[in-house]
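Asks: Sequence and computational prediction follow.
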Amino acid sequence: DAGVTQSPTHLIKTRGQQVTLRCSPKSGHDTVSWYQQALGQGPQFIFQYYEEEERQRGNFPDRFSGHQFPNYSSELNVNALLLGDSALYLCASSLGGNTDTQYFGPGTRLTVL
Amino acid sequence: GNSVTQMEGPVTLSEEAFLTINCTYTATGYPSLFWYVQYPGEGLQLLLKATKADDKGSNKGFEATYRKETTSFHLEKGSVQVSDSAVYFCALISSGSARQLTFGSGTQLTVLP
């Protein structure tokens, strides 16, 4: 039973560029949430996708956008990268829109130079 | 809004010592409470959870009790091991939300042999 997978593992970009991160949820899960974890901090909620729609959004600018595909996998896109976007980006999956338990992937480490 | 406050780290203990990591929260409604653990270079793993007042979550020798009267969910372990060295995050999901996790800032635990 595959857990949550994310790609790529590491990514280096320069300011102003755009980046796409990918997430495949745990088998059987249909809900994907994205979190940003800055160094030494707790994860911060970016947004959640369920039934291919964004259900809720945290306090992040419109430069952060996402998508969920019919197979429940998801992408996180960040435009016009800033140095402050450097962080570990975590994807979490869960079953149904109201399940408490979320399973996390290993994350994508984004470095913006 | 929702918030989680964790005991400041880092915490350094000798093997077999008793561990307590304090966690208090502010939330609307009746949240579910969680402890997640993050080992170096990895994503988050759910350690334990409690969904209602006076529930005790437990796993791998760790336990925490949901105390509504003190809005607390302190993590304890009677005898820590070197392999318990990691960052521990307290988190909550508030009832009525789209199940987004709100995390504390994390507590780094180092256990020395």
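Replies: Yep, that arrived.
Asks: residues in chain A within reach of chain B, list them.
Replies: Applying CB under 8 Å from any CB of the partner chain, we find that chain A lies next to chain B at A:4, A:31, A:33, A:35, A:40-45, A:48, A:50, A:55-56, A:58, A:90, A:92, A:94, A:97-107. In this view, the C-beta of every residue, glycine as well, is placed from N, C-alpha and C.
Asks: Please pick the buried ones from these.
Replies: Among those, those classed as buried by neighbour count (16 or more other CB atoms under 10 Å in any protein chain shown) are A:4, A:31, A:33, A:35, A:42-45, A:48, A:50, A:55-56, A:58, A:90, A:92, A:94, A:100, A:102-107.
Asks: Chain neighbours aside, what residue packs nearest to the residue nearest the centre of chain A?
Replies: Nearest residue to the geometric centre of chain A (CA atoms, centre = their mean): residue A:34, 3.3 Å. Spatial nearest neighbour of residue A:34, chain neighbours left out: residue A:46 (4.3 Å); criterion: CB to CB, 6 or more residues apart in numbering or on different chains.
Asks: neighbours of that neighbour, just the number please.
Replies: The number of residues packed near residue A:46 is 23, by other CB atoms under 10 Å in any protein chain shown.
Asks: Helix or strand: which one has it?
Replies: Per DSSP states H and E, residue A:46 falls inside strand A:44-50.
Asks: Just the angle for the lowest-mean-pLDDT helix or strand in chain A relative to strand A:44-50, thanks.
Replies: Least confident helix or strand of chain A, by mean pLDDT, DSSP states H and E, is strand A:53-57 with a mean of 90. Inter-element angle recorded for strand A:53-57 and strand A:44-50: 150 degrees (by axes from the mean of the first three to the mean of the last three CA atoms, to 10 degrees).
Asks: Convert strand A:53-57 to PDB, retaining C-alpha atoms only.
Replies: Extracted in PDB, the C-alpha atoms of strand A:53-57 (Å, rounded to 0.1, in the frame of the first residue of the first chain):
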ATOM      1  CA  GLU A  53     -12.000  21.900  -6.100                       C
ATOM      2  CA  GLU A  54     -10.200  24.200  -3.700                       C
ATOM      3  CA  ARG A  55     -12.200  23.900  -0.500                       C
ATOM      4  CA  GLN A  56     -10.300  26.200   1.800                       C
ATOM      5  CA  ARG A  57      -7.300  28.400   1.600                       C
END
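Asks: So what's the gap between it and the chain middle?
Replies: In this view, strand A:53-57 has its centroid 12 Å away from the chain centroid, taken as CA atoms, centre = their mean, to the nearest Å.
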